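Student: sequence unavailable; structure follows:
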């Protein structure tokens with residue numbers, strides 16, 4: 001299974017799209033994808049779809065949505081089997097009931113060892129932070145740039161957000177902001193403030209998250225090429241933008257932030 005959530009929701013099984021058109025079914029799939037390979041309780045799915053005053057037969061409606069998703073998965077598995085090269089080797093066949101399995105009190109979407117752009121983002125960003133720990137800023141900038149390049153829009157775009165999916169989206173956006181902040185600091189450490197505007201503009205064009213802060217930075221980059229003045233402007237912009245306090249990924253990014261007079265949250 002291949003899952004993309006860093007933009008328009010896209011889920012494929014065997015290379016065949018299974019993302020439904022129906023709004024609530026898509027919302028159920030999005031929450032299952034957010035917790036792929038883990039059981040999502042039925043009560044959580046009900047809360048996601050109806051945060052206030054759920055209908056009397058809410059559980060039955062959720063089960064109907066699950067059946068709809070299994071129908072899509074079954075069709076994808078059948079088509080993938082027909083399109084597979086003749087004589088190709090396969091692991092144990094998957095079925096709709098194993099890909100989207102019933103568990104005690106809920107349901108589990110099984111990735112089958114597939115991919116998720118959220119996982120890829122976390123690995124690339126983590127590699128960037130580890131490179132910063134050893135002051136390998138060239139590698140850090142490259143890995144963070146790779147991580148940020150995975151984003152194409154806000155997370156779970158095109159899906160209605162209930163309380164649980166909204167929380168997942170906010171966590172991803174916080175991770176995006178941290179990676180972008182560290183990439184900016186690393187690029188400046190490498191003396192690339194003159195090319196930062198174009199690169200930052202490209203990244204922001206692919207993600208609408210928190211653009212006002214970074215558009216202010218781009219304006220300052222256009223106006224002056226003085227790194228010190230750009231950093232001072234960036235600090236002012238950050239102080240004027242409320243930011244959530246989230247755990248830091250490692251000590252090195254903290255040192256990098258402090259070396260530029262930045263902090264994860266304004267003080």
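Tutor: The structure has been received and is ready for your questions. Everything quoted here is computed from the prediction, not taken from an experiment.
Student: how many neighbours does residue 83 have?
Tutor: 10 (other CB atoms under 10 Å). Placement of C-beta: from N, CA and C, glycine included.
Student: how far away is it from residue 159?
Tutor: Using CB to CB, to the nearest Å, residue 83 is found at 28 Å from residue 159.
Student: same question for residue 19.
Tutor: Distance check for residue 19 against residue 159: by CB to CB, it reads 9 Å.
Student: find residues that contact each of the two.
Tutor: 9, 26 (CB atoms under 8 Å, 6 or more residues apart in numbering).
Student: other SSEs contacting the helix or strand that contains residue 77?
Tutor: Take DSSP states H and E as the rule and residue 77 turns out to sit in helix 58-83. With contacts defined as 3 or more CB pairs under 8 Å, 6 or more residues apart in numbering; DSSP states H and E, helix 58-83 has these neighbours: strand 10-13, strand 16-17, helix 23-34, helix 42-49, helix 96-99, strand 100-103.
Student: nearest to residue 154, out of these?
Tutor: Comparing the helices and strands packed on helix 58-83 against residue 154 with CB to CB, the closest turns out to be helix 23-34 (12.7 Å).
Student: average pLDDT across that closest one?
Tutor: Helix 23-34 carries an average pLDDT of 98.
Student: next: stretch 175-191.
Tutor: Per-residue pLDDT over stretch 175-191 has a mean of 86.
Student: okay, buried residues for that stretch please.
Tutor: 175-189 (16 or more other CB atoms under 10 Å).
Student: check which residues of stretch 66-84 are buried.
Tutor: 66, 68, 69, 70, 72, 73, 74, 76, 77, 80.
Student: make CSV out of those residues and add pLDDT.
Tutor: As requested, those are exported to CSV (pLDDT from 0 to 100):
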residue, pLDDT
66, 98
68, 98
69, 98
70, 98
72, 98
73, 98
74, 96
76, 95
77, 94
80, 87
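Student: filter the buried residues of stretch 175-191 down to the ones in helices?
Tutor: Mapping these onto helices (DSSP state H) picks out 175-189.
Student: closest to residue 57 among those?
Tutor: Nearest to residue 57, judged by CB to CB, of those is residue 175 at 37.3 Å.
Student: wait, doesn't the closest one sit right on residue 122?
Tutor: Yes. When contacts are counted by CB atoms under 8 Å, residue 175 is listed as touching residue 122 (7.3 Å).
Student: how much space between residue 28 and residue 100?
Tutor: Between residue 28 and residue 100 the distance is 10 Å, computed by CB to CB.
Student: list residues touching both of those two?
Tutor: Contacts common to residue 28 and residue 100, judged by CB under 8 Å, 6+ apart, are 66, 69.
Student: more neighbours, those two?
Tutor: Neighbours were counted for residue 28 and for residue 100 using other CB under 10 Å; residue 28 has more, 27 against 23.
Student: could you pull up the residues touching the more buried one?
Tutor: Neighbours of residue 28 in contact, by CB under 8 Å, 6+ apart: 45, 48, 49, 62, 65, 66, 69.
Student: I'd like to know how many residues surround residue 22.
Tutor: 12.
Student: how about it: what's its closest non-neighbour residue?
Tutor: residue 68 (7.1 Å; CB to CB, 6 or more residues apart in numbering).
Student: the one you found contacts residue 20, correct?
Tutor: Yes. Between residue 68 and residue 20 there is a contact under CB under 8 Å: 6.4 Å.
Student: ends of stretch 51-59, how far apart?
Tutor: This stretch, stretch 51-59, spans 14 Å end to end (CA to CA, to the nearest Å).
Student: measure the closest residue to residue 161 other than its chain neighbours to residue 113 for me?
Tutor: Distance criterion CB to CB, 6+ apart; nearest residue to residue 161, sequence neighbours excluded, is residue 169 at 6.2 Å. From residue 169 over to residue 113 the distance is 25 Å, taken as CB to CB.
Student: more neighbours, those two?
Tutor: Comparing residue 169 with residue 113 by other CB under 10 Å, the one with more neighbours is residue 169, at 20 against 8.
Student: give me every residue that touches the more buried one.
Tutor: 154, 155, 156, 161.
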